Each structure stands twice: as structure tokens, then as C-alpha cells.
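S.K.: Predicted model and sequence follow; I will ask about them next.
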Amino acid sequence: QVQLVESGGGLVQPGGSLTLSCAASGFTFSWYAVSWYRQAPGKERELVASISTDNGDTNYADSVRGRFTISRDNAKNTLFLQMNSLEPEDTAVYYCNAQLMNFGIKVMDYWGKGTLVTVSS
């Protein structure tokens, strides 16, 4: 049974930090490129950060570059998102995503149920 379970969300003041985790099970985590997405109220889901299978390549949305850091531990089947200098605009439900690519074609696509991050004073 494939599962992606996010944790670590909560209420934090502006300027604060949070670390999100995503525990994967039921598939070979190290084969998958993984990402964090977020969806704020009334807005479309957007890509926050992604990381390749071997930690070699990372990509960030312009709005979080320099403040957020994505990382993965393939031995523990876990994805992380370290979020610093949080702003009210970062308030959203954060989702973990795992994709298996084969010659540039997406063949598998898994999603977690999300964890809520609220940045407010």
C-alpha cells in the first residue's frame, strides 16, 4: 500500500521556522523524484521545491528560494522541507509528491494528504 504521510505543520509567527517531513512507504522511494507543493485558500496548487532521486538537483519557486531547503533521506524513505523566515503568504496546505519518470514520461504519481502551515501573529 503506497503512502505519503506529511507531518510538522502548525502555527508559527512571521519570521519563524518549521520543518516538514514526508514519510514514504509501499514503493521504492529512492527511484522517485520528490517535491513539495502547496495550496493556499482560494489559490491553485503550486510547486514549492523539488529534488532529484540522488539529491543532485534541487529546484525552488522564486517565492521561497533562499528561505526554504528541500532534502531527502533515501535510507529512511523521508522527504524534508526546512522553512525559515516564514511569511504570512506561506500559509497553505503543503503536499508531498513522488513521481517516477521513464525516459521523460511520468509513469507513477503519488500524493500525500497534506499538512497545514499557518503563519500568523
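M.R.: The structure has been received and is ready for your questions.

S.K.: so how far is the longest strand anywhere in the chain off the chain centroid?
M.R.: For the chain, the strand with the greatest residue count under DSSP state E is strand 92-102. Offset of strand 92-102 from its chain centre (Cα atoms, centre = their mean, to the nearest Å): 7 Å.

S.K.: Going forward, count from 839.
M.R.: Happy to do that; since the first residue is 839 now, the last one works out to strand 930-940.

S.K.: Parallel or antiparallel, list what pairs with that strand.
M.R.: Using DSSP bridges, strand 930-940 pairs in its sheet with strand 871-877 (antiparallel), strand 943-949 (antiparallel), strand 953-957 (antiparallel).

S.K.: Tell me the buried residues in the worst-scoring helix or strand of the chain on mean pLDDT?
M.R.: With mean pLDDT, DSSP states H and E as the measure, the helix or strand of the chain carrying the lowest mean pLDDT is strand 943-949 (a mean of 92). Along strand 943-949, these residues count as buried under the neighbour rule (16 or more other Cβ atoms under 10 Å): Tyr948. Every residue, glycine included, has its C-beta placed from N, CA and C.

S.K.: any residues touching that strand, and which ones?
M.R.: 840, 842, 865, 870, 933-939 (Cβ atoms under 8 Å, 6 or more residues apart in numbering).

S.K.: follow-up on the earlier one: quick check: which of the strands paired with strand 930-940 is nearest to Ser888?
M.R.: Distance to Ser888, taken as Cβ to Cβ, is lowest for strand 871-877 among the strands paired with strand 930-940, at 3.8 Å.
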